[in-house]
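In: need a structure here:
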Amino acid sequence: MKKDIIDQPVKCKPYLKETVWAGKRLGNRYGSAKIGEAYLLSAVQGQASSTQEGSSFFTYLEQSHRDPEKFPLLIKAIDAAEPLSVQVHPGDAAAQKVGGRGKHELWIIDRCREDAAVFVGFREDVSVLDIVRRCADGTVLSLLNRISVSGGEVIFVPAGTVHAIGGGVSLYEVQQNADVTYRLYDYGRGRATQLEQALAVLKLKGTTPVKTILENGPLFEKEEGFPFVIDHCCFLGDVCCAAREDAAVLFLSGCGRFSATGCQWDYAAGDCFFIPQNSRFTLFGQGEALHIAAKG
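Out: Numbering: from 1, shown residues only. Presented below is the predicted three-dimensional model:
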């Protein structure tokens, strides 16, 4: 890797993942069929995004004296033509027992069908027996909060919360860099489920999902347990910015040019940049972007 790009902002090329539920949008963009997930910013070894120069983002972090294993963010684009499995991610304490880390995540709805929905948390208190029975007869979604969605809405999914993305939804997912996932139900697709492990970490109390809309300024700033610092910005014309800590910039719409010392790239919707601490950069053009960092 060239020394002059170490500790400079980098534009990331995504790691692409084929899925059984994929729509066509990501496949059309990246020229590969059945792409359901694009890892826009990922330090996961074997599933890492890469720099425009072709180096692994995992390697970039190592050579810039950061531990990729402790990198806190993972940002994905998800395009679901069919429903994703009903699943849960454990919190830190439960994940550490299996050698992993807990995961909170945030969904930013990009585009969706008029009838599209996601499912987050139980509508009311449930028992283990309720869940086992409903997973067996295929009606487990009836226990969950069904949330109709439209573009520009944002939903927080805390660790331990049962959730599922419905068909016809394209979204961005900002999550902690962990991927311990337990499936409760998968629509008979033949993939493995982990119901016993899921039951051990599920929050069984009824919940009210936390949802908001994109507006200029911070997201979920006062939400207890929210692990990210996220600022949403719409801009027309040139904007100068600085990163107080390691961060990512995710473009939700617009186009233009990203410029920093020694580097320039075009940007468009779906592009993601890593911005090292104390870096300054300028956005030429217009668009809508999220500045994302993990809380210390």
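In: what's near enough to touch Pro9?
Out: Residues near Pro9 by C-beta atoms under 8 Å, 6 or more residues apart in numbering: 258, 260, 263, 273-276, 279, 281. In short, each C-beta sits where N, CA and C put it, glycine included.
In: which one of those residues is nearest Ile213?
Out: Nearest to Ile213 among these is Phe273, at 24.2 Å by C-beta to C-beta.
In: count of neighbours near the closest residue to that closest one other than its chain neighbours?
Out: Once flanking residues are discounted, Phe273 sits nearest to Val249: 4.6 Å by C-beta to C-beta, 6 or more residues apart in numbering. By the measure other C-beta atoms under 10 Å, the count of residues near Val249 is 24.
In: can you select the buried ones from the contacts of Pro9 in ChimeraX?
Out: A single ChimeraX command selects the buried members of these (16 or more other C-beta atoms under 10 Å):
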select :258,260,263,273,274,275,276,279,281
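In: so which of the contacts of Pro9 is the closest to Arg191?
Out: Of all the contacts of Pro9, the one sitting nearest Arg191 is Phe274; the distance, using C-beta to C-beta, is 31.9 Å.
In: so the closest one versus Asp246, what's the distance?
Out: Between Phe274 and Asp246 the computed distance is 8 Å (C-beta to C-beta, to the nearest Å).
In: overlap in contacts of those two?
Out: Any residue near both Phe274 and Asp246 by C-beta under 8 Å, 6+ apart counts here, and not one turns up.
In: show me where the stretch 1-150 of the chain has helices.
Out: Using DSSP state H, counting those that start in this stretch, the helices found in the stretch 1-150 of the chain span residues 25-30, 57-63, 92-96, 128-137.
In: so what's the gap between the last one and the chain middle?
Out: Computed by C-alpha atoms, centre = their mean, to the nearest Å, the separation of helix 128-137 from the middle of its chain amounts to 28 Å.
In: now it: mean pLDDT?
Out: Averaging pLDDT along helix 128-137 yields 97.
In: on that earlier part again, in the helix or strand encompassing the residue nearest to Phe273, what counts as buried?
Out: Per DSSP states H and E, Val249 falls inside strand 247-260. By 16+ other C-beta under 10 Å, the buried positions in strand 247-260 come out as 247-252, 254, 256, 258-260.
In: can you redo those as JSON lines with pLDDT and distance to Asp238?
Out: Shown next, in JSON lines, are the buried residues of strand 247-260 (pLDDT from 0 to 100; distance: C-beta to C-beta, whole Å):
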{"residue": "Ala247", "pLDDT": "95", "distance to Asp238": "20"}
{"residue": "Ala248", "pLDDT": "96", "distance to Asp238": "21"}
{"residue": "Val249", "pLDDT": "96", "distance to Asp238": "15"}
{"residue": "Leu250", "pLDDT": "97", "distance to Asp238": "19"}
{"residue": "Phe251", "pLDDT": "97", "distance to Asp238": "15"}
{"residue": "Leu252", "pLDDT": "97", "distance to Asp238": "19"}
{"residue": "Gly254", "pLDDT": "95", "distance to Asp238": "13"}
{"residue": "Gly256", "pLDDT": "96", "distance to Asp238": "9"}
{"residue": "Phe258", "pLDDT": "95", "distance to Asp238": "11"}
{"residue": "Ser259", "pLDDT": "93", "distance to Asp238": "9"}
{"residue": "Ala260", "pLDDT": "89", "distance to Asp238": "13"}
